[in-house]
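Requesting a structural model of the entry that follows:
(chains A, B, C and D)
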Number of protein chains: 2
Amino acid sequence: MKSIATLPPICCGPETEPLTVSERGELAAQFKALADPTRVAIINCLSAADEVCVCNLTETFDLSQPTISHHLKILRDAGLVESSRRGTWAYYRLVPEAITALRGALGA
Amino acid sequence: MKSIATLPPICCGPETEPLTVSERGELAAQFKALADPTRVAIINCLSAADEVCVCNLTETFDLSQPTISHHLKILRDAGLVESSRRGTWAYYRLVPEAITALRGALGA
DNA sequence: TCCTTTCATCGACATCCGTCGATGTTATAT
DNA sequence: ATATAACATCGACGGATGTCGATGAAAGGA
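A predicted model of the protein is given here:
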């Protein structure tokens, strides 16, 4: 999972550099991970605590457990969240650098 | 098109407020508009100039004119770009406040 | 050992999305 | 008036996406 921390901002000034094809794809993939209301809510939920147990997420949202697991996998594959298992439970947390990098792509 | 300029950041600190259902949907819709490599490239292209003619975009990308028009409509509906016609030509430009608002949603 | 709990994965289904050719609309030129 | 050029819209197609029930894997308790 390559970091995009060094990507140039895609806006908002004349100093903006053109993006390569692979950079477009990486940025689009990260935005796509946020392109669903449930996933936005999960990110928002994770941002309010250091860690959140999956069991809390399945309680919070009116969706099946496989669906929550599916959304978490998409966020994990995009590098926006990471997880660790302790016993039977899985805990998810944000990857702040990834969020910061994405924000940086939207401008200085 | 309601502004999201006042939305709380969805990350990255303990002061983060929970998002309402409609706020999740609005944010997801804006991210969805950026969830495609071509549209990321269009935004990047617009950020390098005050205005860009559609004819320049159809030349730049190896896609049909209807496809470019389709992507521009999605960006327009999301409020990220705006257009104006002068004669036969249509010129598109960024809506900087929308980009800024989206960046704000990703944290302080 | 057997059962329960937690979470991930699989398979299936309906819907959405990106793309294109064809067509419509508007403005300019001949 | 007719033709041409720029752009938007329509209809259709294949592939991707969100959702669920069923199943699998791993850990803990009786």
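
Residue A:44 is in contact with residue B:19, isn't it?
Yes. Distance between residue A:44 and residue B:19: 4.8 Å, which falls inside the contact criterion (C-beta atoms under 8 Å). Using the backbone N, CA and C atoms, a C-beta is placed for each residue, glycine as well.

Which neighbours do these two have in common?
residue B:10 (C-beta atoms under 8 Å, 6 or more residues apart in numbering or on different chains).

what's the closest non-adjacent residue to the residue sitting nearest the centre point of chain A?
Central residue of chain A (C-alpha atoms, centre = their mean): residue A:80, 2.9 Å from the mean position. Leaving aside its chain neighbours, residue A:80 sits nearest to residue A:98 (5.1 Å; criterion: C-beta to C-beta, 6 or more residues apart in numbering or on different chains).

Tell me the spacing between that neighbour and residue B:78.
In this view, residue A:98 and residue B:78 are 22 Å apart by C-beta to C-beta, to the nearest Å.

before we move on, the earlier item: so which elements touch whichever helix or strand the residue nearest to residue A:80 is part of?
Residue A:98 is part of helix A:96-105, with elements assigned from DSSP states H and E. With contacts taken as 3 or more C-beta pairs under 8 Å, 6 or more residues apart in numbering or on different chains; DSSP states H and E, helix A:96-105 sits against helix A:21-33.

Check what contacts the next helix or strand along the chain from the helix it packs on and list those residues.
Next along the chain after helix A:21-33, taking DSSP H and E as the criterion, comes helix A:37-46. Contact with helix A:37-46 is made by A:33-34, A:52, A:57, A:60-61, A:63, A:67-68, A:71-72, A:74-75, A:80-81, A:92-94, A:99, B:10-11, B:16, B:18-19, B:21, B:24-25, B:27-28, B:31, as judged by C-beta under 8 Å, 6+ apart.

No further questions, thank you.
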